[in-house]
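In: Next one to model:
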Amino acid sequence: MNVIKVGIVGLGAQMQENLLPTLLQMPDIRIVAVCDSDLARAAQIHHFISDVAITDDFDDMLDTAALDCVVMACPPQAHRDLSLKAMARGVHVFVEKPPCFNLVELQHLIEASRQANVVTGVGMNFKFAKPMRQLRDITRTEQFGKVVHIQLNHYASKPTAPLWGLDSTLRSFLLAQAIHTIDLGVTFGGGKLQSIESRVQRHDDSLLVSLELEFSTGATVSLLSGTLFPYFEFDMKIVSSKSMMVELNNLWNITMHEPEHGTSATGTAKRWRGAWQPGPLDSGYERSGYFGELERFFDAVRNRSSYDASFESLLPTFEVIEQICQADSQRELAPARTLRTDGFAKSKAPAGVSFNAL
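Out: Numbers count the residues shown, from 1 in each chain. Predicted coordinates for the structure are as follows:
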């Protein structure tokens, strides 16, 4: 397969601002059709490419365009339903996150992809950001040692209401925002997910989510996220068995902390710190991960190989999301219990709930 023929589905803001400009930079990728429920919006592709068929009927696009792949940026229910149609035709599928609403739907998509023997991908751009790739390289070196603990802080201010017709703001937030952070925790934790403990706090329309994960490798993950914050921020720290710590700030700067470091000029210092950041000529789409995620996806299509952010790769991430929602529902339904301290009665909400992974 030399030139890959791509159909675009959903020409909204995410597609026009991030995915489409990335696709247009890629060699041997040819956009041959665009589908959008709003035909006038689909026609906006002609501002970028003149000779492209447009339609508001996905079945018609599958029938007429002879596609190798579809790239979608739609609501999750469209990702789910249209992916099933495309895979049934043997068409490879890349969708923006989230691919669906829950774990059961994801399992259905995975089974359909296996039966169709197609490559699937989800737009987890954090995972493919250039600083994140550098971070993975650092933590895999013998010098760094074994990953012992990962601390993730993902601050956001939205959503503060349910999205996509859901009735849960919590699930909407986890699928729209925290899915990136949970997935990174799973990626760097390694091994099999063994235990999950979570707590959700509500303040007016905002949420605060704290999460603890433990893996078969012995690594642990602590995550703090939510919509209670005044701005967006993402920070990550990874601690090694050799007392080293690497820190990533806002998908930009990486700082390495070591207990001691000796040079001929300074001798041995008690503490040493080195830094890395993307170069000034790195493109925005490469730095933010959009180029890397699509490049790796198309490589997997050409080679019929596995893709790092396939539907199947998201199974443990969706297990975590399901158990956060389940624990929160149980906590809301459970009656408060009374404890006695120094002769006085105190009412206390049920403690955090721990689960074994599915």
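In: In contact with G12, which residues?
Out: Contacts were defined as C-beta atoms under 8 Å, 6 or more residues apart in numbering; by that measure G12 touches 36, 41, 73-74. In short, each C-beta sits where N, CA and C put it, glycine included.
In: for A219, same thing?
Out: So A219 contacts 146-150, 188-191 (C-beta under 8 Å, 6+ apart).
In: if you set the cut-off to 6 Å instead, what comes out?
Out: Taking C-beta atoms under 6 Å, 6 or more residues apart in numbering, we find A219 in contact with 147, 189.
In: what about it, distance to T255?
Out: According to C-beta to C-beta, to the nearest Å, A219 and T255 sit 20 Å apart.
In: A112: how many residues sit nearby?
Out: The number of residues packed near A112 is 19, by other C-beta atoms under 10 Å.
In: which SS class is it?
Out: Look at A112: counting by DSSP: H, G, I helix; E, B strand; the rest coil, its state is helix.
In: For the helix or strand hosting A78, buried residues please.
Out: Assigned by DSSP states H and E, A78 belongs to helix 76-88. By neighbour count on 16 or more other C-beta atoms under 10 Å, the buried set for helix 76-88 is 76, 78-80, 82-84, 86-87.
In: ok, now how distant is the closest residue to V147 other than its chain neighbours from L213?
Out: Distances taken as C-beta to C-beta, 6 or more residues apart in numbering place A219 nearest to V147, at 5.0 Å, with adjacent residues excluded. Going from A219 to L213 by C-beta to C-beta gives 9 Å.
In: T55 now?
Out: 44 Å.
In: More neighbours: which of the two?
Out: L213 (24 against 18).
In: re the thing from before, ok, so of the contacts of G12, who is nearest A13?
Out: Of all those, A73 has the smallest distance to A13: 8.5 Å, by C-beta to C-beta.
In: Which residue ranges of the stretch 51-200 of the chain form helices?
Out: Counting by DSSP state H, counting those that start in this stretch, the stretch 51-200 of the chain has these helices, from start to end: 58-64, 76-88, 103-116, 125-128, 130-139, 169-173, 179-189.
In: same question, the stretch 201-350 of the chain
Out: Applying DSSP H, counting those that start in this stretch to the stretch 201-350 of the chain gives helices spanning 284-288, 290-303, 315-333.
In: To S172, which of the ones you listed lies closest?
Out: Nearest to S172, of the helices of the stretch 201-350 of the chain and by C-beta to C-beta, is helix 315-333 at 10.6 Å.
In: So which elements touch that closest one?
Out: Using 3 or more C-beta pairs under 6 Å, 6 or more residues apart in numbering; DSSP states H and E as the contact test, the elements touching helix 315-333 are helix 103-116, helix 179-189, strand 193-203.
In: got JSON lines for these, with distance to F298 and mean pLDDT too?
Out: Putting the helices and strands packed on helix 315-333 into JSON lines (distance: least, C-beta to C-beta, whole Å; pLDDT from 0 to 100) gives the following:
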{"stretch": "helix 103-116", "distance to F298": "17", "mean pLDDT": "98"}
{"stretch": "helix 179-189", "distance to F298": "21", "mean pLDDT": "96"}
{"stretch": "strand 193-203", "distance to F298": "29", "mean pLDDT": "96"}
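In: Of all the ones you listed, which one comes closest to R296?
Out: Of the helices and strands packed on helix 315-333, nearest to R296 by C-beta to C-beta is helix 179-189, at 13.9 Å.
In: Which segments of this protein make up each domain?
Out: Using automatic domain parsing, the domain ranges for the chain come out as 4-124+289-317, 127-280.
In: So which of those domains is the most surrounded?
Out: The highest mean neighbour count among the domains of the chain, using mean count of other C-beta atoms under 10 Å, belongs to domain 4-124+289-317: a mean of 19.
In: Off-centre distance for it?
Out: 16 Å (C-alpha atoms, centre = their mean, to the nearest Å).
In: What is the end-to-end distance of that domain?
Out: This stretch, domain 4-124+289-317, spans 30 Å end to end (C-alpha to C-alpha, to the nearest Å).
In: ok, back up a step: closest one to L23 among the helices of the stretch 51-200 of the chain?
Out: Of all these, it is helix 125-128 that lies closest to L23, at 13.7 Å by C-beta to C-beta.
In: which residues touch the closest one?
Out: 180, 288-290, 292-293, 309.
In: Dump the residues you listed to JSON lines, plus distance to S157.
Out: JSON lines is the format used below for the contacts of helix 125-128 (distance: C-beta to C-beta, whole Å):
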{"residue": "H180", "distance to S157": "16"}
{"residue": "S288", "distance to S157": "20"}
{"residue": "G289", "distance to S157": "22"}
{"residue": "Y290", "distance to S157": "23"}
{"residue": "G292", "distance to S157": "27"}
{"residue": "E293", "distance to S157": "25"}
{"residue": "A309", "distance to S157": "26"}
